[in-house]
Every structure is written in structure tokens, then in C-alpha cells.
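Enquirer: Kindly return the folded structure for what I paste below:
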Amino acid sequence: MEPLDLTEYEWNTVVRPLTIDDFDALVAMQARCFPGMQPWERDQIESQLKIFPEGQICIEIDGKLAASSSSLILENDPNLEWHNWKAVADEGYIRNHKPKGDTLYGIEIMVDPEFRGMKLSRRLYNARKELCRERNLARMIIAGRIPGYHKYASEMTAREYIDRVVEKEIFDPVLTAQRANGFAVQGLIPNYFPSDVDSAGHATYLEWKNLDFVPGAKRRFHHAYEPIRVSVVQYQMRAISSFTDFATQCEFFLDTASDYKSDFVLFPELFTTQLLSCVHAHQPGQAARKLAEFTPQYLEFFTEMAVKYDVNVIGGSQFVIEHGTLYNVSYLFRRDGSIGKQYKIHITPSERKWWGVNPGDTVEVFDTDCGPIAIQICYDIEFPELTRIATDKGAQIVFVPFNTDTRHGYLRVRHCAQARCIENHLYVAIAGCTGNLPFVENADIHYAQSGIFTPADVEFARDAVAAECNPNVETLIIHDLDFEILRRHRESGSVQNWNDRRRDLYQVVYQDDGKPRQV
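Expert: Sure thing, here's the model as predicted:
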């Protein structure tokens, strides 16, 4: 069997500047989003792109326009007619754009109905927020539709409806999402869009404040805090009857991690062996190869989930057959739809005995939107040379999906993970399975206490444990890791393990693409 072509499973999700070439697709999408409303004219879009191109952005998925955002910069003038979008946005021509203003005004965000439920509006709002930070703008102001109001218009006023949405008594598809993205309701705008029947013509006046704003500054001031939010899944193995059951359990954790705006989610090694409970195979080696037959479904599922929930997913690991050889592979599913993979390099005696797994031979370091990361599958973290190589290649976090049956096995993973943090001045997150799979050989019992570890120094937690699960309980832990603290620690920590290596006495020598390398 030839290696799977990962490009067949990847989604190409791009947040990019809008161009005039997008006009036809933009207007078609607008008609699907807002039926009956007057669409953009070509000269309006041309004017927006000419005056403030940075404020006009879109999301493209596999070459198709999926969402868009338009905005301009203004001075925060209380006398401005914020209730009148035609006045504020110059009827869409934005000739009143003020490059030296202090407020970003959002004209419109729209998401194609085909791509709704994939948190694309969050990506657009995040892009707008980053623009505010780059331009040192004090705030973002938007007028938001309340398309759910028409269902309640005979029962309550628009103001009462907004209050109940804010109190979470009622769900509104627009206002609820805007609140989740950090906007505060500042007022009600009647007759904003008389043709907006769903909102009964009303809109909300909302504000997001830029906490990085520096009055009088002309450029962005970089914050000393650069948090990366990591979620670790301690996954309970239980008998299931189909891949759908497996997918449902996984999606619960992905949805939860996304609600907490996680940047990464880590699943355990070979948690896919749960699928063996619905596979009929008499020998463990046959069962492993049967499990590999699920790999295409596994790739399709996690690629879609990473994009849908706007989170980078380390999908534990899964068996793969390439040229007749069985491998244990961990996949990185980036939230832009691209995929990376790391073969397990060191194979345990039980993996060789029961399943016939073969080793990979390359240490990968993956670029992500949160910086470079590495993945080391279970046993691999017990070999310090691999983390030396990964650190030399730039990794700042090592993700370790593991699967152990006893406390002794778990402690080997844990203690080595903590040692790697100290030796290389980086973070390590580990995720394992709990629960039982009766009659599934070599995957029947599990022991785990998943966690997130740091170097041991005064900048970090007292016991060098950022967060950890209770043992053998299905749960999810979430923690923010700060790369700026890590950088300072590497440069000026109490000890300098990385810098103080005696390379005159010893080195790590390895092969990379057939070429000898040294660390």
C-alpha cells in the first residue's frame, strides 16, 4: 500500500486581503447571507480597496470565498451619527476614512451559509482585533443585526430581547457570537436597516476595547505576555460500535476546547484502538492492520474538525500501513486545514511483539500560527537526544501523546517529560488514556495522569507543573503558556542547561534527509 497522500485530505483555509477579483463571488455570497437586501456595487468595493485595503479581508476555503469583513478607521466623535451606517461608512465608499483615527468601525461581516458553524466570524474578528493592535487603535465599534428578534417581536421590545440575549435566556445567531468575541452592548439603534425584516430594522451598537492601546503612540507596543492556550485530553477508552461513536466522543472535547479559545488540543497515543472494540480480528497483528483501515476516515474527520473549531489538533496517533509496513504516526491538523505527521521513532518491545510496528527515522518540527512545535510519541520522550534535536530546530513546545497500562509506565513518560523541560528550556504537554477495553489485546487496561510541564525555575509553577489531571478520570485541562517567559528563562534563567552543554566533550550526531547533523 502506497503512503496516503495527505494533500487529498487537507483543507486550504486562508485569511487574506479582499481583491476586486472577488467581487462577483462577494455579491453572490451577500445575496445568500442577506436575501432581499441591496448588494454592494462594484464602485463601492473598488473605493474601499483603494482607500483602506488592510480593512477589507476575507476567508477562502479550498478556493471558494467563505466569509468577508469590511471596515474603516474613524475618530471617536460622540456627535457622529453612529446609528446611521450610511453616514458613518459614507454609503459604503468610506471616503471619510481617517488613517490617524482611533476607532475601527466594522461595516459588515458575512459568512456563507455553506460554511456557518465553523467559527469563521471568530477568525474575522480576530483579524480585526489584530489590525487594531497593529494600528494602536483604542476600540472597535460595530452595529450588529439581531436576526432572531422577529420571532419575539410580538412578545417583547427590541431592548427587552437584547437584555435576554445578554443574560443568555435567548440565543441570537449574531449578537450571541458578537458577545462571545468580546463585544459589549452600548445601545440599541432603531431603523438601522429598515429592509432587515428578521431584525425588524433594529441593530445593536457594540464596542470592543483594545487593552493594548497606548494613548499618543503612533505604533504598536508589543506586550511582554504572549500566551498560547493548550488543552490536553485525558481520554476514557470504552467499547463502541462504530467510527461515528468515536467521532462523537472526540468532537465533544474539540467543541469544549474551542469554547475556551484554545490554540492546541492534544489527544493520547493510539486512542483510536477504541475502534478495535468493533473490529473482528483473531490476532493482535491483524487487529492493528484492521485499525489502519480507519485512517482515511480519521484524517477526514480531524481535518474538518480543526477548521470547524478553529484549533490546532494533535490527533494522538494512529496506525498507518505504507508499502506493507505498519507505522505508529501522530498527525498535526492545523486550523488552516493543512496536515503534518510524525512517525514514532522508538518502538517498545510490546509494540513489536503484539502488533509488528516499525520505527520512523526523522524528527520533525512543525511551523504553526503559534510558533514551532514538535511531537514525540510516548516512548520517544524517554530518549533525550530527540528533544535536543527538536529544540535545535526551534521547537518551543513538545506534545507527547502517550498510552501506558501501569503507573510505572506512566511515570517513565512523566519524569522524562519533566527532564526534557529542564534540559531544553521548553514546555512539554502529555496526554494519555484511561479506562478499559476488555478483550482487546495489548490495549485492555490504561493508566494516565495527563499534564503540562514547565522548566523548574522561579518564573514557573512551584513544582514545575503548569496543570495536571486527576489520575484515571476522563477530563480536559486547559492552561496558558507564555513564550516570552520561556525566552527570558532560556537567556537568563538560574541555570543555563542549553548554553552550558560541553560540546567539546559530547554531541548529538544524527541523520537528517541523508545528511549528517550535529547538536
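
Enquirer: Show me where the stretch 101-250 of the chain dips below the pLDDT cut-off.
Expert: Applying pLDDT under 70 to the stretch 101-250 of the chain flags residues 218-226.

Enquirer: Would you state the helices of it in chain order?
Expert: Remark: helices assigned in the stretch 101-250 of the chain by DSSP state H, counting those that start in this stretch are 120-134, 158-166, 175-180, 243-259.

Enquirer: Which of the ones you listed sits closest to L386?
Expert: helix 243-259 (26.6 Å; CB to CB). In this view, the C-beta of every residue, glycine as well, is placed from N, C-alpha and C.

Enquirer: ok so, going back, dump the helices of the stretch 101-250 of the chain into TSV; add mean neighbour count and distance to E2 as well.
Expert: What follows is the helices of the stretch 101-250 of the chain, written out as TSV (neighbours: other CB atoms under 10 Å; distance: least, CB to CB, whole Å):
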stretch	mean neighbour count	distance to E2
helix 120-134	19	34
helix 158-166	18	53
helix 175-180	19	43
helix 243-259	17	23
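
Enquirer: Dump these into a markdown table; add distance to I445 as well.
Expert: Conversion of those to a markdown table gives the following (distance: least, CB to CB, whole Å):
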| stretch | distance to I445 |
| --- | --- |
| helix 120-134 | 40 |
| helix 158-166 | 48 |
| helix 175-180 | 40 |
| helix 243-259 | 19 |
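
Enquirer: wait, which of these is closest to Y298?
Expert: Closest of the helices of the stretch 101-250 of the chain to Y298 is helix 243-259, at 8.2 Å (criterion: CB to CB).

Enquirer: What part of the protein, helix or strand, is modelled with the least confidence?
Expert: Least confident helix or strand of the chain, by mean pLDDT, DSSP states H and E, is helix 85-88 with a mean of 78.

Enquirer: Next one: the residue positioned nearest the centre of the chain from S231, what distance?
Expert: For the chain, the residue lying nearest the average C-alpha position, counting by CA atoms, centre = their mean, turns out to be V311 (1.7 Å). Counting by CB to CB, to the nearest Å, the separation of V311 from S231 is 8 Å.

Enquirer: so T325 makes contact with N358?
Expert: Yes: counting by CB atoms under 8 Å, T325 touches N358, with 5.0 Å between them.

Enquirer: Mind checking which of those two has more residues around it?
Expert: More crowded of T325 and N358, by other CB atoms under 10 Å: N358, with 16 against 12.

Enquirer: pretty sure the more buried one contacts V329?
Expert: No: counting by CB under 8 Å, N358 sits too far from V329 to count as a contact (11.0 Å).

Enquirer: Flag the shaky bits of this structure, pLDDT-wise.
Expert: Using pLDDT under 70, the chain drops low at 81-83, 218-226.

Enquirer: Tell me which residues touch L18, please.
Expert: L26, I45, L49, P53, Q56, I57, C58, S68, S70 (CB atoms under 8 Å, 6 or more residues apart in numbering).

Enquirer: Confirm that the second one sits in a helix.
Expert: Yes: I45: assigned to a helix according to DSSP: H, G, I helix; E, B strand; the rest coil.

Enquirer: what sits against F402?
Expert: Applying CB under 8 Å, 6+ apart to F402 gives the contacts P268, E269, I377, C378, I381, Y410, V413, I430, A431, G432, A448.

Enquirer: one more time with 6 Å, if that's ok
Expert: F402 makes contacts with E269, C378, V413, I430, G432, as judged by CB atoms under 6 Å, 6 or more residues apart in numbering.

Enquirer: burial of the last one, as a residue count?
Expert: Spelled out, that is G432. Residues near G432, counting by other CB under 10 Å, number 32.

Enquirer: Can you tell me how far it is from K393?
Expert: Between G432 and K393 the computed distance is 26 Å (CB to CB).

Enquirer: And the second one, by the same measure?
Expert: Using CB to CB, C378 is found at 20 Å from K393.

Enquirer: For those two, indicate the residue with more neighbours.
Expert: Taking neighbours as other CB under 10 Å, C378 and K393 compare with C378 leading, 26 against 16.

Enquirer: Leaving out chain neighbours, which residue sits closest to the more buried one?
Expert: F402 (4.0 Å; CB to CB, 6 or more residues apart in numbering).

Enquirer: Next, find the distance separating the one you found from C421.
Expert: Computed as CB to CB, the F402 to C421 distance reads 15 Å.

Enquirer: before we move on, what about G324?
Expert: Here G324 is placed at a distance of 38 Å from C421 (CB to CB).

Enquirer: Which one's more surrounded, the two?
Expert: Neighbour count, other CB under 10 Å: between G324 and C421, C421 has more, with 23 against 7.

Enquirer: Beyond the helix or strand R490 falls within, next helix or strand please.
Expert: For R490, the host element (DSSP states H and E) is helix 483-492. For helix 483-492, the following helix or strand on the C-terminal side (DSSP H and E) is strand 509-512.

Enquirer: In that following strand, which residues are buried?
Expert: Y510 (16 or more other CB atoms under 10 Å).

Enquirer: What lies in contact with the next helix or strand after that strand?
Expert: Using DSSP H and E, the helix or strand that directly follows strand 509-512 along the chain is strand 515-518. The contact list for strand 515-518 (CB under 6 Å, 6+ apart) reads Q507, V509, Y510.

Enquirer: tally of neighbours for the closest residue to the first one other than its chain neighbours?
Expert: Spatially, and ignoring its direct neighbours in sequence, Q507 is nearest to Q518 (5.0 Å; CB to CB, 6+ apart). Look at Q518: counted by other CB under 10 Å, it has 9 neighbours.
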